[in-house]
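In: Below is the sequence, then the predicted model.
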Amino acid sequence: MGRTLAEKVWDDHVVRRAEGEPDLLYIDLHLLHEVTSPQAFDGLRQAGRQVRRLDLTIATEDHNTPTLDIDKPIADPVSRAQLETLRKNCADFGVRLHPLGDVEQGVVHVVGPQLGLTQPGTTVVCGDSHTSTHGAFGALAFGIGTSQVEHVLATQTLPMARPKTMAITVDGELPEDVTAKDLILAVIAKIGTGGGQGYVLEYRGPAIEKLSMEARMTICNMSIEAGARAGMIAPDRTTFDYLQGRDHAPRGEEWDAAVAYWKTLRTDEDAVFDAEVRIDAASLAPFVTWGTNPGQGAPLSADVPDPASYEDASERHAAEKALEYMGLTAGQPLRDIKVDTVFVGSCTNGRIEDLRAAASIVEGRKVADGVRMLVVPGSVRVALQAVEEGLDKVFVAAGAEWRHAGCSMCLGMNPDQLAPGERSASTSNRNFEGRQGKGGRTHLVSPQVAAATAVTGHLASPADLSDAPVTAGV
Amino acid sequence: MEAFTTHTGRAVPLRRSNVDTDQIIPAHWLKKVTRDGFEDGLFEAWRKDADFVLNRPERQGATVLVAGPDFGTGSSREHAVWALQNYGFKAVVSSRFADIFRGNSLKNGLLTVVLDQQVVDALWELTEKDPQAEVTVDLQDRQVRAEGITADFELDENARWRLLNGLDDISITLRNEPDIAAYESKRPSYKPRTVRA
Ligand code: SF4
């Protein structure tokens, strides 16, 4: 019987397989950041262990870094301590680090791919659940906990139980105004925040094949929000073209050998998935969340749902609680929801294509009165590219704030936070209670919807902008 | 890691589903660089409410958390497990756990027990009616027992063996170091490297 993409990559990394034990899996790339690594390095030190493969390990700073005044000492003492701890640990153990201020610094899941380190058929881990992002390259990439970080540092392996596989086939073609973000939000709303549990998702089908690498990363990034172990997309010409010439991509004969291997990384015709979901791309529309988990979403044209319409008691209860927290009423049109803040950034939508899409919409327009719009590139490289294209000027001219790279308002660990009760349209991946700051209310949206929302002051898509027709790229 | 064989203690019934790790331990607590001292951050937002079940005097010293389905979703932060352990919990019962949370808990010696929702309901009713009711989580026999309730649970043999013996993962893996070296000697040279040789 044939094998799925995930099974092929898995099999190629089994160091040891024994009856009744999880497989011992080799890890090709280990990404570190300041939040989940200190206790792991602590553990190594206590046990007198070293980092086994410094050449497969890399660190950057992202969660705690401020996006303003980055040349000044970090004000928050705890954030500062965490960054200093990472710097000390990397120096002590010899790990390559890109600290705040470095040209390769940025959100860890933006940095790995842009350096060309994330490659098809590799295993990638990081102490961060959005490691699933890297699956866009046909890598098997998953988030791990701090004990596992320590385990990988010490052994370059992880004992893991073989996951099940689920195909998410997206047939047809995405309508012009529908983005990868809308697609993945719709997938999560369909299968639920627990729907992917125990599975590696493989996104496939014509609509997926047409997506750019960056759009594929947006999709795989949010696999974890469906509860999945990982998300993957088979590598193809788009993948190879993205990688060729990047800093750490193979060169010359090595490139040819790599591509020959990468081309084998496709699910066999006769392979069987443990579960399958089909989606018709043509049926999709711009999608936003109304609740406090990423599965609580609906097309922008819909109304806030009535909790009473849920048959399942725990879903009904969750919807009631979500509406209360979000300060929304059942039946209210989603389009009427006014926001205070718009955040464009994060490892979901903080890459250059996202910034271009948002800029194309705010260009020649103004951010609505009383709305604050933050544009935060996912990495310094993305920022430099945006500046080269003049996007920073477009944002500033529209009245948005152009910030330094980092996780920023994706989560409330740095100075960029929502105030209690404040409402945002955010291109990030989590709308949990308090995620963007205590009491903050988050609506997850695409960069296009974020930009249109900034201009109108309420949840909106580019098509709602009356003054000029705008074509948004996917 | 401490060995886990069997544990008996009072319970905290937490009637909420989809408790994500941001609720278990809010992000600002993640800035700590040690593994202890997270107990005050556990369910921090909810604990501001005096009526929250964890705040009630009769729940002090309880060691078994009985939670709703999809416990531990969201971020992979292991701090969620440490917070539960620092607070004093030895075991968490739910009808469904998020994968990463479950993996993290078993690695740290916090036993996560999956039981049918009906059994969870029964445990809720029992421990709400009688806060002094004790719940036994027996890993030896893979069974949860309380007054009027006996329920078997599953846990894979390997995880159980490690918990019963209090073995940590790294030392187990390093016993197979020759396998790792053999694998490394055969890795293709085109694989990415973060630093050039
Ligand atoms: S941008 Fe957000 S989701 Fe991505 S790594 Fe940073 S905090 Fe996590």
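Out: Noted; the coordinates are in hand.

In: Quick one: neighbours of A:Ala322, just the number.
Out: Close neighbours of A:Ala322, defined as other Cβ atoms under 10 Å in any protein chain shown, add up to 23. C-beta: built from backbone N, CA, C; applies to glycine.

In: Can you show me the strands along chain B?
Out: B:6-14, B:64-67, B:91-94, B:111-114, B:134-138, B:143-146, B:149-152 (DSSP state E).

In: Any chance of JSON lines for the ones you listed, columns distance to A:Ala318?
Out: As requested, the strands of chain B are arranged in JSON lines below (distance: least, Cβ to Cβ, whole Å):
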{"stretch": "strand B:6-14", "distance to A:Ala318": "14"}
{"stretch": "strand B:64-67", "distance to A:Ala318": "14"}
{"stretch": "strand B:91-94", "distance to A:Ala318": "15"}
{"stretch": "strand B:111-114", "distance to A:Ala318": "20"}
{"stretch": "strand B:134-138", "distance to A:Ala318": "26"}
{"stretch": "strand B:143-146", "distance to A:Ala318": "26"}
{"stretch": "strand B:149-152", "distance to A:Ala318": "25"}
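
In: Reformat these as JSON lines; add mean pLDDT, mean neighbour count and distance to A:Gln417.
Out: Below are these laid out as JSON lines (pLDDT from 0 to 100; neighbours: other Cβ atoms under 10 Å in any protein chain shown; distance: least, Cβ to Cβ, whole Å):
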{"stretch": "strand B:6-14", "mean pLDDT": "98", "mean neighbour count": "19", "distance to A:Gln417": "27"}
{"stretch": "strand B:64-67", "mean pLDDT": "98", "mean neighbour count": "26", "distance to A:Gln417": "28"}
{"stretch": "strand B:91-94", "mean pLDDT": "98", "mean neighbour count": "25", "distance to A:Gln417": "30"}
{"stretch": "strand B:111-114", "mean pLDDT": "97", "mean neighbour count": "22", "distance to A:Gln417": "32"}
{"stretch": "strand B:134-138", "mean pLDDT": "98", "mean neighbour count": "19", "distance to A:Gln417": "39"}
{"stretch": "strand B:143-146", "mean pLDDT": "98", "mean neighbour count": "19", "distance to A:Gln417": "41"}
{"stretch": "strand B:149-152", "mean pLDDT": "98", "mean neighbour count": "14", "distance to A:Gln417": "43"}
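
In: Which among those strands is found nearest to A:Gly138?
Out: A:Gly138 lies closest, by Cβ to Cβ, to one member of those: strand B:111-114, at 32.0 Å.

In: Report whether the longest helix along chain A contacts the ligand.
Out: Determined from DSSP state H, the single longest helix within chain A is helix A:77-93. No - shown here: helix A:77-93 not in contact with the ligand (Cβ under 6 Å from any ligand atom), separated by at least 13.3 Å.

In: Mind checking what helix or strand follows that helix in sequence?
Out: strand A:96-98 (DSSP states H and E).

In: List just the one of the strands of chain B that sits closest to A:Gln385.
Out: strand B:111-114 (44.3 Å).

In: Which other helices and strands does the closest one contact?
Out: Applying 3 or more Cβ pairs under 8 Å, 6 or more residues apart in numbering or on different chains; DSSP states H and E, one finds that strand B:111-114 contacts strand B:91-94, helix B:99-108.

In: can you list contacts of the longest one?
Out: Judged by Cβ atoms under 8 Å, 6 or more residues apart in numbering or on different chains, the contacts made with helix B:99-108 from elsewhere in the structure are A:129, A:143-148, A:197-198, A:227, A:229, B:1, B:21, B:71-73, B:76, B:78, B:80-82, B:84-85, B:92, B:97, B:111-112, B:159, B:162-163, B:169.

In: Alpha carbons only: can I get that helix in PDB?
Out: Output of helix B:99-108 as PDB, limited to C-alpha atoms (Å, rounded to 0.1, in the frame of the first residue of the first chain):
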ATOM      1  CA  ASP B  99      -2.400  16.500  22.400                       C
ATOM      2  CA  ILE B 100       0.500  18.700  23.300                       C
ATOM      3  CA  PHE B 101      -0.800  19.300  26.800                       C
ATOM      4  CA  ARG B 102      -1.200  15.600  27.400                       C
ATOM      5  CA  GLY B 103       2.300  14.900  26.200                       C
ATOM      6  CA  ASN B 104       3.700  17.600  28.400                       C
ATOM      7  CA  SER B 105       1.800  16.400  31.400                       C
ATOM      8  CA  LEU B 106       2.900  12.800  31.100                       C
ATOM      9  CA  LYS B 107       6.500  13.900  30.700                       C
ATOM     10  CA  ASN B 108       6.400  15.800  33.900                       C
END
